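J.: Prediction below, plus the sequence it came from.
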Amino acid sequence: MNNKTSIITENEYIIVDIETTGFSIDFCNILEIGAVKIQGGDIQDSFHTFIKQDTPIPPFIKQLTGISDEDVALGVSTDIAIKEFIDFSNKLPLVGHNVSFDYRFLNHNSEKYLGKPIENERIDTVSLAKSLINDIPNFKLGTLVDYFKITDTGQHRADNDVQMTYELIKCLSHLSENYREAYLEQIQKSTKDGKQFCNKKISIKTKLKYTHPRLLECIFEDMNCRVYNAFYSTSDCLIMNDVTYKRFCTQDTFDEIWEPWLERAKQREKMGSIEIYSEKQICEILNIQIVEKVSSKHKLYA
């Protein structure tokens with residue numbers, strides 16, 4: 001795999017996974033951080049650390065992860081672990097399976113102990129898989145590992161999950177390459193029709209109904225765009241499904257706790273600093289025929 005055929009177009013990025021004592025960033029701790037640095041599609045460096053704990057690990061977490069109190073006793077303090085991870089990641093994009101979970105814990109602890117946020121771009125392999133596959137019951141890492149027949153090195157340990165995520169990225173990249181080839185004519189046509197988007201930073205949020213997000217990503221990548229599945233303050237354009245777009249156009253405000261990205265988008269729209277499109281509008285601009293999605297196993301992957 002190389003960056004030209006990878007579903008992740010950046011030449012360098014970090015695959016990260018953490019294990020924690022629970023789900024709450026306010027009441028739970030990070031136990032383990034694992035990461036690898038990818039360059040040109042290959043692993044160039046790795047990072048791993050346990051984090052010391054003030055209290056015993058909950059029995060359920062011990063059983064789930066296999067991490068013992070003896071393991072973390074050999075670790076480092078949280079502030080040192082976070083600083084070392086930030087130095088390792090060096091502002092590169094963070095890639096992970098449900099990466100928002102890992103990021104919330106890492107960012108919370110960075111702000112708590114170091115007084116600064118982690119501002120790396122995030123790329124979620126769950127979203128990447130959803131953009132290409134629609135014939136599996138869920139998008140858990142274990143389900144995708146089984147789907148692609150990836151060797152299961154043992155889930156719920158940070159370094160193992162990182163390795164399986166790396167193998168998943170390679171499988172998704174192969175699937176994406178076949179996808180691009182299958183839809184090359186459409187991609188080339190839409191690239192010509194959508195020149196207004198050249199060199200822009202584009203966020204695609206919400207579940208699309210009429211077209212695969214990966215098709216849009218391929219089109220925009222050919223126009224030298226940066227495409228995100230999250231909404232960033234630097235995004236030039238925001239695309240959302242028609243149902244959400246209708247709500248966006250008819251509501252003046254959104255709940256900052258439950259829909260913060262929509263509230264931020266509304267504020268930026270008022271300032272005139274963002275272009276916002278519905279899925280149908282994008283399909284019309286890019287001359288994409290609106291059709292039902294096709295099952296990946298029949299169309300794209302052999």
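T.: That came through, no problem.

J.: can you map out the strands along the stretch 1-150 of the chain?
T.: Per DSSP state E, counting those that start in this stretch, the stretch 1-150 of the chain carries strands over the ranges 12-20, 30-39, 42-50, 94-96, 122-124.

J.: repeat for the stretch 151-300 of the chain
T.: Using DSSP E, counting those that start in this stretch, strands in the stretch 151-300 of the chain cover 201-204, 226-228, 237-240, 275-278.

J.: Tell me the helices and strands packed up against the first one.
T.: For strand 201-204, the packing partners by 3 or more CB pairs under 8 Å, 6 or more residues apart in numbering; DSSP states H and E come out as helix 213-221, strand 226-228, strand 237-240. All C-beta atoms are positioned from the backbone trio N, CA, C, and that covers glycine.

J.: just to revisit the earlier point, tell me which of the strands of the stretch 1-150 of the chain lies nearest to residue 221.
T.: Residue 221 lies closest to strand 122-124 among the strands of the stretch 1-150 of the chain, at 13.2 Å (CB to CB).

J.: Counting by contacts, list what that closest one packs against.
T.: Short answer (3+ CB pairs under 8 Å, 6+ apart): strand 122-124 packs on strand 94-96, helix 99-113.

J.: So which of the ones you listed has the densest surroundings on average?
T.: strand 94-96 (a mean of 25; mean count of other CB atoms under 10 Å).

J.: Any chance you could list what contacts that strand?
T.: Defining contact as CB atoms under 8 Å, 6 or more residues apart in numbering, one finds that strand 94-96 is touched by 8, 13-17, 38, 102-103, 118, 120-125, 165, 169.

J.: again with stretch 128-143
T.: So stretch 128-143 is contacted by 7-8, 97, 126, 144, 147, 152, 155, 161, 164-165, 168-169, 172, 175-176, 179, 207, 212-214, 217, 229, 293, 295-297, 300 (CB under 8 Å, 6+ apart).

J.: of those residues, buried ones?
T.: By neighbour count, with 16 or more other CB atoms under 10 Å, the contacts of stretch 128-143 hold 7-8, 97, 126, 144, 147, 161, 164-165, 168-169, 172, 175-176, 179, 212-214, 217, 229, 296, 300 as buried.

J.: thinking again about what came up before, same list, the strands of the stretch 1-150 of the chain, but as JSON lines with mean pLDDT and distance to residue 275 please.
T.: Shown next, in JSON lines, are the strands of the stretch 1-150 of the chain (pLDDT from 0 to 100; distance: least, CB to CB, whole Å):
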{"stretch": "strand 12-20", "mean pLDDT": "97", "distance to residue 275": "27"}
{"stretch": "strand 30-39", "mean pLDDT": "98", "distance to residue 275": "31"}
{"stretch": "strand 42-50", "mean pLDDT": "97", "distance to residue 275": "37"}
{"stretch": "strand 94-96", "mean pLDDT": "97", "distance to residue 275": "26"}
{"stretch": "strand 122-124", "mean pLDDT": "94", "distance to residue 275": "22"}
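
J.: Distance to residue 248 added to those, as TSV?
T.: Listed next are those as TSV, based on distance: least, CB to CB, whole Å:
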stretch	distance to residue 248
strand 12-20	31
strand 30-39	35
strand 42-50	40
strand 94-96	28
strand 122-124	22
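
J.: Poorly predicted segments of the chain, please.
T.: 1-5, 291-302 (pLDDT under 70).

J.: Domain map for it?
T.: 12-174, 184-285 (automatic domain parsing).

J.: Next, the angle from the longest helix belonging to the chain to helix 99-113.
T.: The single longest helix within the chain, with elements called by DSSP state H, is helix 158-182. Relative orientation of helix 158-182 versus helix 99-113 (axes from the mean of the first three to the mean of the last three CA atoms, to 10 degrees): 130 degrees.

J.: So for the protein, which residue is the most central one in space?
T.: residue 124 (1.5 Å; CA atoms, centre = their mean).

J.: That residue and residue 228 touch, don't they?
T.: No: shown here, residue 124 and residue 228 do not form a contact pair, counting by CB atoms under 8 Å, at 9.9 Å.

J.: Contacts only, for residue 30.
T.: For residue 30, the contacting residues are 18, 19, 20, 51, 78, 81, 105, 106, 109, by CB under 8 Å, 6+ apart.
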